[in-house]
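A.B. asks: sequence and computational prediction follow.
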There are 2 protein chains.
Amino acid sequence: MAENEARKTTIEDVARAAGVSRAAVSKVLRNAYGVSPAMKLRVDKAIEELNYRPSVAARAMRGSSYTLGIEIPDFGNQFFTRVLRGASRALAGTNYQLIIAPAEEGMRQGYRAIEALLDQRVDGLIAVSPLVSQEWLERAAVQTPIVMFGRHDESPYYDTVAGDDSAGTAALMQHLFDLGHQRIAHLTINALSSAARSPHDIRLTTYEKCMVDAGLAGNIRVIRCGEGLDPSYEAARDMLDEGPAPTAIVAGHDELALGALRAVMERGLPISVAGYDDVPLAGHPLVSLTSVSQPGEDMGARAVEMLLERLAGRDVAEHETYAPELRPRKTTYPPARES
Amino acid sequence: MAENEARKTTIEDVARAAGVSRAAVSKVLRNAYGVSPAMKLRVDKAIEELNYRPSVAARAMRGSSYTLGIEIPDFGNQFFTRVLRGASRALAGTNYQLIIAPAEEGMRQGYRAIEALLDQRVDGLIAVSPLVSQEWLERAAVQTPIVMFGRHDESPYYDTVAGDDSAGTAALMQHLFDLGHQRIAHLTINALSSAARSPHDIRLTTYEKCMVDAGLAGNIRVIRCGEGLDPSYEAARDMLDEGPAPTAIVAGHDELALGALRAVMERGLPISVAGYDDVPLAGHPLVSLTSVSQPGEDMGARAVEMLLERLAGRDVAEHETYAPELRPRKTTYPPARES
DNA sequence: TTGAAAGCGCTAACAC
DNA sequence: GTGTTAGCGCTTTCAA
């Protein structure tokens, strides 16, 4: 009932139908130089009639696959959704396709996903805060243009797009100080060896610096958790149950903030919580979470453009940083209601 | 500074290093029949040393690509994230890779994404409630095993995995009736011609049937909106501003419900809102949204298994339906607070 | 401007 | 149990 019955139409079929050579069809396909309008017309007609679609595999073997890859670490984080949308839009109108590889949890996270993309012979790839070492990525970038997204460890071998996490965090801390907070805790994801200079690293160190500068070094408190709503909830809950509660919690990103918020509400404590990324829900009246906004769509689109520029010949690395914007919102929450 | 310097290692290199033929290496790679343990050892060693990774493109040309594709219509919907996780997990341990194609908005939505996956010569693909016609999908399924996820239009040509949307919606409606609601509106996404028997179609018709059966045919009210938080917010807001308000709104899924909830809160109206899918945030104390839970991870994993079974030779279609579970939660919300 | 032919890296069929 | 060989569908010289 399934499996290959009809053979797929090949470039050969198109060539025969149009009465030209395979090479001619190939040229039309890539609108390469040296095809008469007349021939292009006939070939296009044949392609249309036969409903021909070139095999990415075959193309990838000789030339390019016309495919860009993007590695995403965590689909739970809605910020990445924005990045994806931006990337997708920037590709519309080109003849490039986007494929995504999910980096499942576990130590070898980013490596496997990026390797999978490389195995597909993508023409370029965007790695979103990948948990891979810089040298490894540089070696990979020799073969395939790479845009590192989020991390701040710039390299002459690959381009980077990142938000100014330092400025964003500083603005957020200042906001909390202005509100009178002195005992501010920081909830961040577990430290991953290879993720030096990750956004979360910068946010953490900036948090610490701000505390120190404000003369609150003694109040520094860092809590680690796994990625996601539940791990952040549990970590925050444990913190609240263990020691003296802080008056505010700054989370590494909004999803963690939401998890922490759940713990805060369950305990009925008057603790302010703030996040990062300003995901769509942060502005919802139900949530109204203070956060730091990043232009995710623009950043995603720019990452794609950088790749396209590389494919067009650029050979010096570019590093772009986007300014974040503080989104001050509610700071005190009602305790949990029924259910 | 970039671009190909070192040639990638090929099967040839491995063969030479191990002192065997390319065919031998190929067999080891696929752990095919007829390789002595001794040879396997030497080949594995060479692969390891050379850090060899087979080219998916080259493999796809002759045999299989060892790649499964999944088309996802909307990353804003966190239910799909669960499905993805399940699919990803089911693949761990196999030598298959997962690649995702995003179906951007626009009319040709699903087609482009699925075609992109087919162009990559994936060995099988999961199409998540795609907006494509049944015949088109059947034709595609002749070439490549397909699991249709979500939609209920079963076919002898492809497998399906779906939730029992009818039962889920009925349970939800009953819950609202029990609570005394009579004027219940339904907020659903815009009707797409080719999406007959989509989950949203079923939810809509079940809503209507429940209303009729309860003798409330006159109170039926269906509002359409685009996908996402903002479109659903706007649609709900317009509805509230236009006519007499319902006492409850049943949304096609949680994201739409959240959008509607924003409108309800802004208007300060005592309207109950319910969603579908029970996304992680629905259970958050801040949100506490009544919803219908579906075992997304199991469903995603099962879809992958079905594909694997097809690749292993099964040739009759299978159709699996998963029972949903009502998650009754809070029904009245406070009006919006400052900011 | 067009076409012929070589070959990308792999697997499958078959010979040894 | 192992190697030889013929292509898969394209792109890319290079000659016509």
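C.D. replies: That came in fine, so what should we check first?

A.B. asks: how about stretch A:83-99, does it reach DNA strand D?
C.D. replies: No. On the criterion C-beta under 7 Å from any atom of the strand, stretch A:83-99 is out of touch with DNA strand D, staying 10.1 Å away. Any C-beta I mention is one placed from the backbone N, CA and C, and that applies to glycine too.

A.B. asks: need the distance between the two termini of that stretch.
C.D. replies: 14 Å (C-alpha to C-alpha, to the nearest Å).

A.B. asks: so for that stretch, what gets flagged as buried?
C.D. replies: A:83-88, A:90-91, A:96-99 (16 or more other C-beta atoms under 10 Å in any protein chain shown).

A.B. asks: interface residues of the stretch 151-300 of chain A facing chain B?
C.D. replies: For the stretch 151-300 of chain A, the contact set with chain B under C-beta under 8 Å from any C-beta of the partner chain comprises A:156-157, A:229, A:258, A:261-262, A:265-266, A:280-281, A:284-288.

A.B. asks: so which pair among those residues is furthest apart in space?
C.D. replies: A:156 and A:266 (49.2 Å; C-beta to C-beta).

A.B. asks: show me which of these two is the more surrounded one.
C.D. replies: Relative neighbour count places residue A:266 above the other of residue A:156 and residue A:266, with 15 against 11, counting by other C-beta atoms under 10 Å in any protein chain shown.

A.B. asks: ok, the more buried one to residue B:293 distance?
C.D. replies: Going from residue A:266 to residue B:293 by C-beta to C-beta, to the nearest Å gives 21 Å.

A.B. asks: and residue A:309, by the same measure?
C.D. replies: Applying C-beta to C-beta, the value for residue A:309 to residue B:293 is 46 Å.

A.B. asks: could you do residue A:7 as well?
C.D. replies: Distance, residue A:7 to residue B:293, by C-beta to C-beta: 45 Å.

A.B. asks: would you mind telling me which of those two has more residues around it?
C.D. replies: Applying other C-beta under 10 Å to residue A:7 and residue B:293 shows that residue B:293 carries more neighbours, namely 19 against 8.

A.B. asks: not counting sequence-adjacent ones, nearest residue to residue A:154?
C.D. replies: Spatial nearest neighbour of residue A:154, chain neighbours left out: residue A:319 (4.8 Å); criterion: C-beta to C-beta, 6 or more residues apart in numbering or on different chains.

A.B. asks: from memory the one you found sits against residue A:157, does it?
C.D. replies: No. Using C-beta atoms under 8 Å, residue A:319 makes no contact with residue A:157, being 11.7 Å away.

A.B. asks: higher neighbour count, the two?
C.D. replies: Comparing residue A:319 with residue A:157 by other C-beta under 10 Å, the one with more neighbours is residue A:157, at 19 against 15.

A.B. asks: what about that one, which SS state?
C.D. replies: Secondary structure assignment for residue A:157 (DSSP: H, G, I helix; E, B strand; the rest coil): coil.

A.B. asks: can you check the pLDDT for it?
C.D. replies: Residue A:157 is assigned 96 on the pLDDT scale.

A.B. asks: quick one: it and residue A:71, what's the gap?
C.D. replies: 17 Å.

A.B. asks: now swap in residue A:277 and tell me
C.D. replies: In terms of C-beta to C-beta, residue A:277 sits 18 Å off from residue A:71.

A.B. asks: give me the below-cutoff pLDDT ranges for the stretch 151-300 of chain A.
C.D. replies: A:193-196 (pLDDT under 70).

A.B. asks: which neighbours does the helix or strand harbouring residue A:185 have in its sheet, and in what orientation?
C.D. replies: Taking DSSP states H and E as the definition, one finds residue A:185 inside strand A:184-189. Using DSSP bridges, the strands paired with strand A:184-189 are strand A:221-225 (parallel), strand A:248-251 (parallel).

A.B. asks: which parts of chain A are strands?
C.D. replies: Under the criterion DSSP state E, chain A carries strands at the ranges A:67-72, A:97-102, A:124-128, A:146-149, A:159-163, A:184-189, A:221-225, A:248-251, A:272-274, A:291-293, A:319-322, A:325-327.

A.B. asks: can I get those in CSV with distance to residue B:178?
C.D. replies: Output for these, formatted as CSV (distance: least, C-beta to C-beta, whole Å):
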stretch, distance to residue B:178
strand A:67-72, 42
strand A:97-102, 40
strand A:124-128, 46
strand A:146-149, 49
strand A:159-163, 48
strand A:184-189, 40
strand A:221-225, 39
strand A:248-251, 38
strand A:272-274, 35
strand A:291-293, 38
strand A:319-322, 50
strand A:325-327, 40
